[in-house]
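K.L.:
Sequence first, then the predicted structure, then my questions.
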Amino acid sequence: MKRIGIWFCFLVLALALVGCGDKEDDEINVATPSPTSAPDYYHDCGGTITLGEYKGLSYDEPSLEVTDEELEEEIKEILKDQPNYEKDDSRDETEVKSGDILNIDYLGKVDGEAFSGGTAEGATLEIGSKSFIDGFEDALIGKKVGETCDIDVTFPDPYKNNTDLSGKAAVFTVTINYVCKVNEELTDAYVSDYTSDKYTTVADFRAYLKESMEQEKEDNAENEKLLQLINQVIDNSTITVDQEDVDYYYADAISVYEYYASMYGQSVADFVVMMGVAEDYETFQENMKKQAEETVKQYMVLEAIVEAEKMELSDEEYNEAVKEYMDGVGATDQATFESTYGVDYIRYCILTDKAWDIIISNAKATATK
């Protein structure tokens, strides 16, 4: 058996999503038994389903080749995220102006004492970016490249990065090493710095990058295939979902983003834009609602296949699958694992694994895209 359940069930658990059962006695009696040991891993979905064709499906086999164009695009993205800054010799001893990208050393002191986080060598600073505290960047304008100077600033109050510095006056001794220019190409020096000397030549880095991209395509290929197939089963079926179940999954997904946003001290609205999840919060909400509805449908069709195939689970199959699940999450003690997730829920995952096997074993690739 191919253990899709660890992808479908336990990955979902990690995102705080849980499995569905059917709560209408006169509808399809799906495989999930009444939870007894781990009720927090269940959400009892309603709705109705008339299962459509789930055998003889087809899917496009994605190409695993990494083209030269794709490799170049990846390199461009790397250089965009972390530009290849080099010294601009023509700017030596000229005055710093707004928009300059400087390489600087600095040492900050409060009451004559250096403080944690106030020292750096070879730091990159774009004048006008407002990435340093107010007054720091403006004070460098007009200074000479190669010069060392003292800058007087005052930390904001409150200062979230270090509350001990809130409202305090500080003096930064700054050495303006040079003005940077951007090299749009990879260089050996850049590669060494970017990879912390793991790779020291452009040729070696390009080979590594291509291999990594090929591996990523291979890793994503299975998920792409599964998504194509499950969407076909959904399209072939007649499904009515309960809005309360969609709302449940939506709220559950949002809670995950709330957790990570709180780690950055941000609202979800700001966090999803900062992380590039969506252009704005309204778009994010719409996407999450659609995803929640698709999640409900995916669970419903898999459970319906389990019921349609009258699947059963032997002790041998159960123990074999549990071992694979445990290996996948780094668990070592089966009793603890079963207590954590619940035997009923684990059985549910194994049975939906078997449903996936039915779908996959009866599907075939039609083209390479």
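P.N.:
Happy to help now that I have it.
K.L.:
can you give me the helices for the stretch 251-369 of the chain?
P.N.:
Counting by DSSP state H, counting those that start in this stretch, one finds helices in the stretch 251-369 of the chain at the ranges 268-274, 281-308, 315-329, 334-341, 343-361.
K.L.:
Need those helices in CSV (columns: distance to H43 and mean pLDDT).
P.N.:
Using the backbone N, CA and C atoms, a C-beta is placed for each residue, glycine as well. Below are the helices of the stretch 251-369 of the chain laid out as CSV (distance: least, CB to CB, whole Å; pLDDT from 0 to 100):
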stretch, distance to H43, mean pLDDT
helix 268-274, 21, 92
helix 281-308, 9, 93
helix 315-329, 20, 91
helix 334-341, 15, 90
helix 343-361, 11, 90
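K.L.:
so which of those is the most packed in?
P.N.:
helix 343-361 (a mean of 22; mean count of other CB atoms under 10 Å).
K.L.:
what about the strands in this structure?
P.N.:
19-22, 42-45, 48-50, 58-61, 84-87, 101-110, 113-126, 148-154, 169-183, 238-240, 364-368 (DSSP state E).
K.L.:
tell me the contacts of I305?
P.N.:
I305 makes contact with 51, 54, 233, 355, 358-359 under the criterion CB atoms under 8 Å, 6 or more residues apart in numbering.
K.L.:
Please disregard the earlier target; I meant V191.
P.N.:
199-202, 204-205.
K.L.:
Just the buried positions in the longest helix anywhere in the chain, please.
P.N.:
Assignment by DSSP state H gives helix 202-236 as the longest helix of the chain. Across helix 202-236, burial judged by 16 or more other CB atoms under 10 Å covers 202, 205-206, 209-210, 213, 217, 225-226, 228-234.
K.L.:
again, but for stretch 181-199
P.N.:
186, 190-191, 194, 199.
K.L.:
Among those, which lie within helices?
P.N.:
Using DSSP H, the buried residues of stretch 181-199 in helices are 190-191, 194.
K.L.:
tell me the angle of the longest helix of the chain relative to helix 281-308?
P.N.:
Orientation check (axes from the mean of the first three to the mean of the last three CA atoms, to 10 degrees): helix 202-236 against helix 281-308 gives 60 degrees.
K.L.:
Tell me how far helix 202-236 lies from the chain's centre.
P.N.:
Between the centre of helix 202-236 and the centre of its host chain there is 15 Å, according to CA atoms, centre = their mean, to the nearest Å.
K.L.:
do the same with stretch 89-105
P.N.:
Centre to centre, stretch against its chain (CA atoms, centre = their mean), the figure for stretch 89-105 is 37 Å.
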